[in-house]
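A.B. asks: Attaching a predicted model along with its sequence, questions to come.
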Amino acid sequence: MKTHSAKADLYVINLNQKTLSKSLLFLLLLIIIQSCQSDLLIDNKSIIKKIDKLKFSKITFEVSIDADENIIDTLSIVKTKTDDNGKTLYTIKEYLPKVDGQIIRQSYFRSNEDLFYQETAASEKFKSIFQTFINNDNVIENAQMISIGSEGTNDTIFMKYDYKYNNDEKKESLFITSQTDSINSLDYTEYNENEKPVLGYLILDNDTLQKRKMKYLNGKMIESTYELKETFRIRVYTYDNNENIKTIFLKENDTIIKASETIFDNSKYKNTELIITKDILNDTVTKRKKITKALQRP
C-alpha cells in the first residue's frame, strides 16, 4: 500500500487545537479510507497480538541531503514487519525532528496488505485510531474512527460499508456511510473490471466536497485527478511504474500549471532510493534519500 496516503490530497491538521472539527475529521478519514480498500466480524485484537510478537524485518531512514549528497537531517524512520513472503504486516513511522507535536504512526495490515488498524499520535496532545472490521468472507462491513484530544475529549465516527457486485461477482461500487449528531457523510467509489477504483465522491450533508478520477495502464495507476470544492481547485497527479507521484499539476481558472516533478532513482546505490523534487512554483529543488537496512530475524 502506497501512502499518498492513497493517493489522496493531503489535509493539514492543526495539532494544537483541543479537538478536531467534525468536518476536518471526515476529511482525515477520507485519506485513510482510500489507502485501505458480510456473518460474524473477525476480531482485530487477536491479529494485532499475533503481529506484535513478530520481529522487525527492516528499517528505513529518510534523510535530506545537499547538492553533494551529504546528509543534512533525518526526516523519518520506518520500522517494518513482514511475513515469510515479504508482505508488509506492520509499520511504525516516526517523523523527525523530535519537537512538540511530533507524529508517530503505527499501521497494521492483513495478509493481503490491506490496512485494518492505524493509530496516529502527536505527543500527548492528539491521537486518532482508525480500524476496519471484516466478516468471514474477508469483506469489510464496518469501520470506526476515534479522535482523542489532550483533555480526554473524543469524537467517534462509525462507518457502514456497502459493496455492490456485478454478475461475475466482482466489485462494482462501494458506499461508505456515516452519521453523527450534526453531519451525514457518504463516500462513493466506482470500480473497473479489474476492481480498481476509477471514480469517487465525498459528500457531506448533500454537499459534494471532492470528486476523484483514476486512470490505469497494465493494472497500475498512471494518473489521478482530484476536484476540490473549498477552495475550488483541481489537482492532477501522474505516477511512475512503482506508482510514486511523478508530477503534480494544478488547475485554477481554466489554467493548468505544473507545480512539481519528482525523480525516483534506485540504480545509483544498493538499498537506497534517491528522490529529487523540483518545486516549480517556488523555484526550489530538494533532495532526499531513503536508506533501507535488513534486520536479522531468528
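C.D. replies: All right, it came through fine. Numbers count the residues shown, from 1 in each chain.

A.B. asks: Only C-alpha atoms from now on, for both contacts and neighbour counts.
C.D. replies: OK.

A.B. asks: Is Lys50 in a helix, a strand, or coil?
C.D. replies: Here Lys50 is recorded as helix under DSSP: H, G, I helix; E, B strand; the rest coil.

A.B. asks: so who does it touch?
C.D. replies: Residues counted as contacts of Lys50 (CA atoms under 8 Å, 6 or more residues apart in numbering): none.

A.B. asks: any idea how far it is from Tyr90?
C.D. replies: To Tyr90, Lys50 is 11 Å away according to CA to CA, to the nearest Å.

A.B. asks: what does Asp240 give?
C.D. replies: 25 Å.

A.B. asks: higher neighbour count, the two?
C.D. replies: Set side by side, Asp240 and Tyr90 show more neighbours around Tyr90, with 24 against 16, by other CA atoms under 10 Å.

A.B. asks: Check which helix or strand Asp68 maps to.
C.D. replies: Assigned by DSSP states H and E, Asp68 belongs to no helix or strand.

A.B. asks: what about it, neighbour count?
C.D. replies: Counted with other CA under 10 Å, residues neighbouring Asp68 total 7.

A.B. asks: cool, Asn282 as well?
C.D. replies: Neighbours of Asn282 under the rule other CA under 10 Å: 9.

A.B. asks: for it, helix, strand, or coil?
C.D. replies: Going by three-state DSSP: Asn282 is coil.

A.B. asks: who touches it in this structure?
C.D. replies: Not one residue lies near Asn282 by CA under 8 Å, 6+ apart.

A.B. asks: repeat for Thr91
C.D. replies: Thr91 makes contact with Val78, Lys79, Thr80, Lys81, Arg105, Gln106, Ser107, Tyr108 under the criterion CA under 8 Å, 6+ apart.

A.B. asks: mind giving me JSON lines with those and columns for pLDDT, neighbour count and distance to Asp114?
C.D. replies: Below are the contacts of Thr91 laid out as JSON lines (pLDDT from 0 to 100; neighbours: other CA atoms under 10 Å; distance: CA to CA, whole Å):
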{"residue": "Val78", "pLDDT": "98", "neighbour count": "18", "distance to Asp114": "18"}
{"residue": "Lys79", "pLDDT": "98", "neighbour count": "19", "distance to Asp114": "18"}
{"residue": "Thr80", "pLDDT": "98", "neighbour count": "20", "distance to Asp114": "15"}
{"residue": "Lys81", "pLDDT": "98", "neighbour count": "22", "distance to Asp114": "14"}
{"residue": "Arg105", "pLDDT": "96", "neighbour count": "18", "distance to Asp114": "16"}
{"residue": "Gln106", "pLDDT": "97", "neighbour count": "17", "distance to Asp114": "14"}
{"residue": "Ser107", "pLDDT": "98", "neighbour count": "20", "distance to Asp114": "10"}
{"residue": "Tyr108", "pLDDT": "98", "neighbour count": "24", "distance to Asp114": "8"}
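
A.B. asks: Quickly check the residues you listed for the two that are furthest apart.
C.D. replies: Maximum pairwise distance among the contacts of Thr91 (CA to CA): 14.2 Å, between Lys81 and Arg105.

A.B. asks: Now do the end-to-end distance for stretch 107-125.
C.D. replies: Chord length of stretch 107-125, first to last residue, is 20 Å (CA to CA).

A.B. asks: The stretch 1-150 of the chain: strands as residue ranges?
C.D. replies: 58-65, 71-82, 88-95, 103-109, 115-122, 126-134, 140-149 (DSSP state E, counting those that start in this stretch).

A.B. asks: Equivalent analysis for the stretch 151-298 of the chain, please.
C.D. replies: 154-165, 171-179, 184-191, 197-204, 207-217, 220-228, 233-239, 245-252, 255-269, 272-279, 284-294.

A.B. asks: quick revisit: for Phe158, which of the strands of the stretch 1-150 of the chain is the nearest?
C.D. replies: strand 140-149 (4.5 Å).

A.B. asks: What's the mean pLDDT across the closest one?
C.D. replies: Averaged across strand 140-149, the pLDDT comes to 90.
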